[in-house]
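> I'd like to go over a predicted model; first the sequence, then the structure.
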Amino acid sequence: MPTSRRPDSPPPPAAVTAVGLRKSYGDRTVLDGIDLRIPAGSVFALLGPNGAGKTTTVKILSTLVTADGGHAQVAGHDLVDSPDGVRAAIGVTGQFSAVDGLITGEENMLLMADLHHLPRREGRRVAAELLARFDLADVAKKPASGYSGGMKRRLDIAMTLVGNPRIIFLDEPTTGLDPRSRHTMWGIVRELVAQGVTVFLTTQYLDEADELADRIAVIDGGRIVAEGTAEELKRLVPGGHIRLRFTDPGAHRSAAAALADAERDDAALTLRIPGDGSQRRLRAILDRLDAAGVEADELTVRTPDLDDVFFALTGGPTEPHQTQEVVR
C-alpha cells in the first residue's frame with residue numbers, strides 16, 4: 001500500500017520538480033506545460049491513455065529528450081545544466097525490455113556493470129546479489145531469449161539497479177505481463193521504496209496506480225488534468241450512491257415514499273440514493289426507514305473508483321482542461 005506520513009511532519013525533499021515542461025513534434029503538441037513535485041522516497045504515478053504524454057515526460061526527465069520549454073530538476077540536478085548528474089542518480093526501465101536476448105542474464109548484468117565502470121570483482125558481486133534478489137540466480141547462465149516476460153522484466157529492473165540509483169523511472173513496466181507477474185512487480189516496487197528509492201511510474205492500469213502510488217497525476221492531451229492521492233481523486237468525481245434492495249414489494253413502496261430523493265427500480269425492488277457512504281449519510285437514511293417502519297434486506301455503498309476518475313477526466317468533451325489539485 002502507499003506510504004503515509006504524520007500530518008505534522010515536514011514534507012520530504014523533492015526528488016523531481018518540473019515547471020512548465022513543453023514539448024512539440026512539428027505542429028503536434030505532446031506536452032503543454034507540465035508541473036510536477038515528487039517527494040523523495042515515494043511512488044508517483046502518471047496515469048493517462050495512450051498518446052497522453054506519459055513516455056515523453058519520462059524521456060525528458062531522464063535526459064533522453066530535450067524539452068522545448070520549462071525547467072526541471074532531478075535529484076537536485078538541473079536537466080540542462082547538469083545532465084550527467086541526473087543520469088548518475090537515476091535508472092530507467094521502459095515498457096519495452098532493454099534485455100539482450102542473445103546473451104545470458106548474468107552477461108546482461110555484467111555488461112551493465114561495465115557501463116557503470118565498476119571494477120570487475122565488484123561488478124560480479126553486484127550482479128550475483130541482484131540476480132539472487134530478483135529470483136533469477138537459477139537461470140543466470142541461460143540465454144535471456146528463453147526467459148518469460150515476467151523474468152525479462154525482472155532482469156530489466158535488476159540491470160537498472162546496478163548503478164544504485166536514487167530515482168527509478170518505470171515506464172509502463174507491467175505492460176503485457178500476466179496477473180501473477182504484475183503482482184510480483186508490485187512487490188518489487190514496494191521493496192525499492194522501503195529502501196528509500198523514489199519511483200516514478202507511468203501506467204494505464206488503474207488498479208496499479210491505486211495499489212502503489214502515494215500520489216497520482218492524470219495526464220490527458222499533454223496536460224495534467226488532476227493530481228492528488230487516490231482517495232482525493234475519487235472524491236473529485238460524483239456518482240457515489242447507496243443501494244437498498246427489498247424482497248417485499250410493499251416494503252419497497254413504503255421505503256420509496258420515505259426516501260423521496262431515491263431512484264426507484266420497481267422490477268428489481270431497489271432504491272438508489274445519492275450519497276458518499278459516510279456514517280452521517282447512512283444514519284440519516286436508516287433513521288428515515290425506521291420512522292417508516294421499513295427494513296431493507298440489503299444495503300450496499302458504491303463510491304467512485306479510479307476508473308470513474310479516469311473516464312470522467314479523459315473521456316469527456318474536448319474542452320480546455322483545468323488542473324484539479326487537492327491540497328492536503
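On my side now, so go ahead.

> What's the local residue count around Ala291?
9 (other CB atoms under 10 Å). Where C-beta positions appear, they are placed from N, C-alpha and C, glycine not excepted.

> Could you measure from it over to Asp138?
67 Å (CB to CB, to the nearest Å).

> shouldn't Val43 be in contact with Thr202?
No - checked against CB atoms under 8 Å, the pair Val43 and Thr202 is beyond contact range at 11.7 Å.

> Next, the contact list for Arg264, please.
By CB atoms under 8 Å, 6 or more residues apart in numbering, Arg264 lies in contact with Ala256, Thr270, Leu271.

> That one: which element?
Per DSSP states H and E: Arg264 is located in strand 263-265.

> Okay, strands next: where are they in the stretch 151-300 of the chain?
Remark: strands assigned in the stretch 151-300 of the chain by DSSP state E, counting those that start in this stretch are 167-171, 198-203, 215-220, 223-228, 241-245, 263-265, 270-274, 298-302.

> Which neighbouring elements make contact with the second one?
Counting contacts by 3 or more CB pairs under 8 Å, 6 or more residues apart in numbering; DSSP states H and E, the secondary-structure elements packed against strand 198-203 are strand 14-25, strand 28-39, strand 43-47, helix 54-61, strand 167-171, helix 179-194, helix 206-212.

> thinking Val126 is in contact with Asp114, fair?
No - applying CB under 8 Å, one finds Val126 not in contact with Asp114, separated by 11.4 Å.

> of the two, who's got more company?
Per other CB under 10 Å, whichever of Val126 and Asp114 has more neighbours is Val126, with 21 against 12.

> In contact with the spatially closest residue to Pro165 that is not a sequence neighbour, which residues?
Nearest non-adjacent residue to Pro165, counting by CB to CB, 6 or more residues apart in numbering: Gly91, 3.7 Å away. Contacts for Gly91 were tallied using CB under 8 Å, 6+ apart; they are Thr160, Leu161, Gly163, Pro165, Ile167, Ile168, Phe169.

> Output these as TSV; include the columns pLDDT and neighbour count.
Output for the contacts of Gly91, formatted as TSV (pLDDT from 0 to 100; neighbours: other CB atoms under 10 Å):
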residue	pLDDT	neighbour count
Thr160	90	20
Leu161	90	22
Gly163	88	19
Pro165	93	19
Ile167	96	21
Ile168	94	22
Phe169	94	27
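
> ok, of these, which one's closest to Arg28?
Phe169 (23.1 Å; CB to CB).

> could you list every residue that touches the closest one?
Residues near Phe169 by CB under 8 Å, 6+ apart: Val58, Leu61, Ser62, Ile90, Gly91, Val92, Thr93, Phe200, Thr202.

> and what of Leu233?
Leu233 touches Ile216, Val218, Ala226, Glu227, Leu306, Val309, Val326, counting by CB under 8 Å, 6+ apart.

> ok, now how distant is it from Asp210?
From Leu233 to Asp210 the distance is 9 Å (CB to CB).

> min pLDDT across the contacts of Leu233, which one?
Within the set of the contacts of Leu233, pLDDT is lowest for Val326 (41).

> circling back: what would the contacts of Leu233 look like in TSV with neighbour count and distance to Pro119?
As requested, the contacts of Leu233 are exported to TSV (neighbours: other CB atoms under 10 Å; distance: CB to CB, whole Å):
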residue	neighbour count	distance to Pro119
Ile216	26	41
Val218	28	45
Ala226	25	48
Glu227	21	43
Leu306	23	46
Val309	28	49
Val326	14	49
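
> Just flag the most distant two among these.
The largest separation in those, counting by CB to CB, is between Leu306 and Val326 at 14.2 Å.

> Turn the buried ones among the contacts of Phe169 into a named ChimeraX selection, would you?
The ChimeraX selection below is limited to those of the contacts of Phe169 classed as buried (16 or more other CB atoms under 10 Å):
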select :58,61,62,90,91,92,93,200,202
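
> Among the contacts of Phe169, which one lies nearest to Glu122?
Distance to Glu122 across those (CB to CB) is lowest for Gly91, with 17.6 Å.

> The closest one falls within a helix, correct?
No - assessed with DSSP: H, G, I helix; E, B strand; the rest coil, Gly91 is strand; it does not lie in a helix.

> which stretches of the stretch 51-200 of the chain form helices?
Applying DSSP state H, counting those that start in this stretch to the stretch 51-200 of the chain gives helices spanning 54-61, 83-89, 105-115, 120-133, 149-160, 179-194.

> list the contacts for Ala230?
Neighbouring residues of Ala230 by CB under 8 Å, 6+ apart: Pro2, Ala209, Asp210, Ala213, Ile216, Leu306.

> residue contacts, the last one?
Right, the one you point to is Leu306. Leu306 neighbours (CB under 8 Å, 6+ apart): Leu47, Leu206, Asp207, Ala209, Asp210, Ile216, Ala230, Leu233, Lys234.

> quick one: the second one and Pro304 touch, right?
This means Leu206. No - applying CB under 8 Å as the test, Leu206 and Pro304 come out as separate, 11.7 Å apart.

> residue contacts, Asp32?
Asp32 makes contact with Arg22, Gly221, Gly222, Arg223 under the criterion CB under 8 Å, 6+ apart.
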